[in-house]
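Asks: here are the coordinates; sequence isn't available:
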């Protein structure tokens, strides 16, 4: 059950569309060139979580692609319309809210923008909370590339996700659950659909670490919320560069994302790593309070 | 005027659809993840050019993405239906034929496949035939990556073309007409929508050169047809590795593609390079004979 709401100047609250019926032109550059940007966020009890951070990142991604985005208010109203409709049809369960923006149909000057709301896939979070076997996959880039090559759109969340999807398929075909990309100069980057976080406890100081944004990774909205909450709770924070050895030697490693939240990594390339149900519980609680 | 024909098991000759009406589900993974593959080819007088080579490459791209493709016959019949319809509506002018294949709607197991036929954009070939100013842009990869990192889908023509489109925008914003990607180890790769070819004349021997496929570039169907025709006409052939210095010192450089054919490059990063109207004419004639 997916609710679909298009942003449409003639419908200030958004135009509800039938998700089971065709809704996009076949010449839409989103469909023919992956030319657009998107966000996925979680809604609980009909309320979107950290929508501000997602709208910020959508605007930043659109800016990188030189794409006109509808204003924040239009997105917010369309999300509200979609969530109301979803509450009516599906009740108060958790939902995945996607924001999508494409360059529009070929030859038109109008971007296409829509919101979709659908139930959280059953069991996905439960399965991942039991621990992920992860493979390290070379992303091919060096970690200093992003700044000097803006045409590569590193750090923008584009619709061109074929490589991310292929990396997940490759991981699964090789007996793993997920992947962590590394750079050609041996740095830890990110998961295909997640941010990498690790915890180190030393001399009574608990530290959360994540790769630095300058390495061309996506700024994680869940990582940001978690870091803020952990800092307020007395954790120290640190930002890469990180290498695979840091993952192997950490007290715990997670892949974090808006829908799956904290998913503990239990092995890397077949080698078991340290994990900590207590830390997962502590940080998950902090995250829930913060959202 | 675009003619749209969907491949549909219930319509063996293809199902004609209205290109001005929505035709794709908003949950199609082509639109939401750039998860699919495509081809663009030229039709002249209602006849598609080198369709076999395009269907071969589409099948190879689909295989790389682990995507089920309809069989060749279904594609051929849909192309024939679309071209007949285009002849009726628009006459015998040249046309762009696109083949598109996505992983289908989220949660469905059926890929989405369609053919579109539209007129060749007016003046595009004429403008490019007058010579292209090109910038070299770092693609970020090293030229040996493709073989050891299949999850990066190098060499597959996927719908995830946001970077290719961004590279063209970057070139135009910087006063150029097009771009040539280079690898992080300094090799010439390809254009965002074209193959790089250069000609060298030495001691009476004319040689055509192009970067080697192992560097992770797309196998160019027009490059292949041109090389076969040139070889039959007495040219020598060579395959990279090529570096920017080879472009600067060649007797002529072209970007070749199915729609634009041979487009001579007249400058690289602002420095004029040698070009040869006579060679462009000779090779264009060879190409037209071959197609």
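Replies: Cool, got the structure. Please read all numbers here as calculations on a predicted model, not as lab measurements. Numbers count the residues shown, from 1 in each chain, chains lettered A, B, ... in the order given.
Asks: quick one: pLDDT of residue A:53?
Replies: We note a pLDDT of 97 for residue A:53 in this prediction.
Asks: and it, how far is that from chain B?
Replies: Residue A:53 sits 21 Å away from chain B, going by CB to the nearest CB, to the nearest Å. Any C-beta I mention is one placed from the backbone N, CA and C, and that applies to glycine too.
Asks: residue A:86 sits in which helix or strand?
Replies: helix A:72-90 (DSSP states H and E).
Asks: averaged pLDDT, that helix. What do you get?
Replies: Helix A:72-90 comes out at a mean pLDDT of 96.
Asks: contact partners of that helix?
Replies: Contact with helix A:72-90 is made by A:1, A:3-7, A:12-14, A:16, A:43, A:46-48, A:51, A:55, A:58-59, A:69, A:95, A:97, A:99, A:113-117, A:119, as judged by CB atoms under 8 Å, 6 or more residues apart in numbering or on different chains.
Asks: residue A:73: how many residues sit nearby?
Replies: For residue A:73, the count of nearby residues is 9 (other CB atoms under 10 Å in any protein chain shown).
Asks: surely residue A:252 touches residue A:199?
Replies: Yes: here residue A:252 reaches residue A:199: they are 4.6 Å apart, a contact under CB atoms under 8 Å.
Asks: what sits against the residue of the stretch 151-291 of chain A found nearest chain B?
Replies: The nearest approach of the stretch 151-291 of chain A to chain B comes at residue A:160, 3.4 Å away (CB to the nearest CB). Contacts for residue A:160 (CB under 8 Å, 6+ apart) come out as A:34-35, A:153, B:34, B:158-163.
Asks: same question for residue A:40.
Replies: A:96-98, A:257-259.
Asks: do that again at 6 Å, thanks
Replies: If you count contacts by CB atoms under 6 Å, 6 or more residues apart in numbering or on different chains, residue A:40 has them with A:98, A:258.
Asks: now residue A:217, nearest residue through space, not along the chain?
Replies: Closest residue to residue A:217 in three dimensions, ignoring its sequence neighbours and counting by CB to CB, 6 or more residues apart in numbering or on different chains: residue A:190, at 4.3 Å.
Asks: ok, back up a step: SS state for the residue of the stretch 151-291 of chain A closest to chain B?
Replies: Following DSSP: H, G, I helix; E, B strand; the rest coil, residue A:160 is assigned to coil.
Asks: residues contacting residue A:16?
Replies: With CB under 6 Å, 6+ apart, residue A:16 has these contacts: residue A:5.
Asks: sec struct for it, please.
Replies: strand.
Asks: bridging residues for it?
Replies: residue A:5 (DSSP bridges).
Asks: pLDDT at the residue of the stretch 151-291 of chain A closest to chain B, what is it?
Replies: Residue A:160 carries a pLDDT value of 97.
Asks: that older thread, please name the residues that touch the residue nearest to residue A:217.
Replies: Counted by CB under 6 Å, 6+ apart, residue A:190 has contacts A:181, A:196, A:217.
Asks: how many other residues sit next to the last one?
Replies: The one in question is residue A:217. Neighbours of residue A:217 using other CB under 10 Å come to 26.
Asks: and for the second one?
Replies: Residue A:196 is flanked by 26 other residues according to other CB under 10 Å.
Asks: ok, now which ones touch it?
Replies: If you count contacts by CB under 6 Å, 6+ apart, residue A:196 has them with A:180, A:188, A:190.
Asks: ok, now how distant is the last one from residue A:251?
Replies: Spelled out, that is residue A:190. Look at residue A:190 and residue A:251: by CB to CB, to the nearest Å, they are 20 Å apart.
Asks: now swap in residue A:196 and tell me
Replies: According to CB to CB, residue A:196 and residue A:251 sit 14 Å apart.
Asks: stretch A:134-150 vs chain B: in contact?
Replies: Yes: looking at stretch A:134-150 against chain B by CB under 6 Å from any CB of the partner chain, the contacts come from A:137-138, A:140-141, A:145, A:149.
Asks: possible to save the residues you listed as JSON lines with pLDDT?
Replies: Formatted as JSON lines, those follow (pLDDT from 0 to 100):
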{"residue": "A:137", "pLDDT": "98"}
{"residue": "A:138", "pLDDT": "97"}
{"residue": "A:140", "pLDDT": "96"}
{"residue": "A:141", "pLDDT": "94"}
{"residue": "A:145", "pLDDT": "95"}
{"residue": "A:149", "pLDDT": "96"}
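Asks: restricted to helices, list these.
Replies: residue A:145 (DSSP state H).
Asks: beta partners for the residue nearest to residue A:7 when sequence neighbours are not counted?
Replies: Distance criterion CB to CB, 6+ apart; nearest residue to residue A:7, sequence neighbours excluded, is residue A:113 at 4.0 Å. Beta-bridge partners recorded for residue A:113 (DSSP bridges): residue A:101.
Asks: and whichever residue of the stretch 1-150 of chain A sits closest to chain B, its phi and psi?
Replies: Taking CB to the nearest CB, chain B has its nearest neighbour within the stretch 1-150 of chain A at residue A:34, 2.6 Å off. Backbone torsions of residue A:34, given as degrees, to the nearest 10, read phi 50, psi 30.
Asks: residues in contact with residue A:125?
Replies: residue A:260.
Asks: before we move on, what SS does it have?
Replies: Assigned with three-state DSSP, residue A:125 falls in the helix class.
Asks: could you flag which of the contacts of helix A:72-90 are buried?
Replies: When the contacts of helix A:72-90 are checked for burial by 16 or more other CB atoms under 10 Å in any protein chain shown, the buried set is A:3-7, A:14, A:16, A:43, A:48, A:51, A:55, A:58-59, A:69, A:95, A:97, A:99, A:113-117.
Asks: ok so, going back, which one of the contacts of residue A:160 sits in the busiest neighbourhood?
Replies: Greatest neighbour count in those, by other CB under 10 Å, goes to residue B:159: 30 neighbours.
Asks: one step back: need the pLDDT of the residue nearest to residue A:7.
Replies: Residue A:113 is assigned a predicted lDDT (pLDDT) of 98.
Asks: before we move on, what about residue A:95?
Replies: 96.
Asks: contacts only, for it.
Replies: Per CB under 6 Å, 6+ apart, neighbours of residue A:95: A:43, A:86, A:117.
Asks: how about residue A:142?
Replies: So residue A:142 contacts A:183-185 (CB under 6 Å, 6+ apart).
Asks: coming back round to it: and the contacts of residue A:190 as TSV, adding distance to residue B:242, pLDDT and secondary structure?
Replies: As requested, the contacts of residue A:190 are arranged in TSV below (distance: CB to CB, whole Å; pLDDT from 0 to 100; DSSP: H, G, I helix; E, B strand; the rest coil):
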residue	distance to residue B:242	pLDDT	secondary structure
A:181	29	98	strand
A:196	37	98	strand
A:217	32	97	coil
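Asks: now, which of the residues you listed sits nearest residue A:226?
Replies: Top of the list for closeness to residue A:226, among those and by CB to CB, is residue A:196 at 12.2 Å.
Asks: the stretch 101-250 of chain A: helices as residue ranges?
Replies: For the stretch 101-250 of chain A, applying DSSP state H, counting those that start in this stretch gives helices covering A:124-129, A:145-148, A:162-173, A:221-232, A:244-249.
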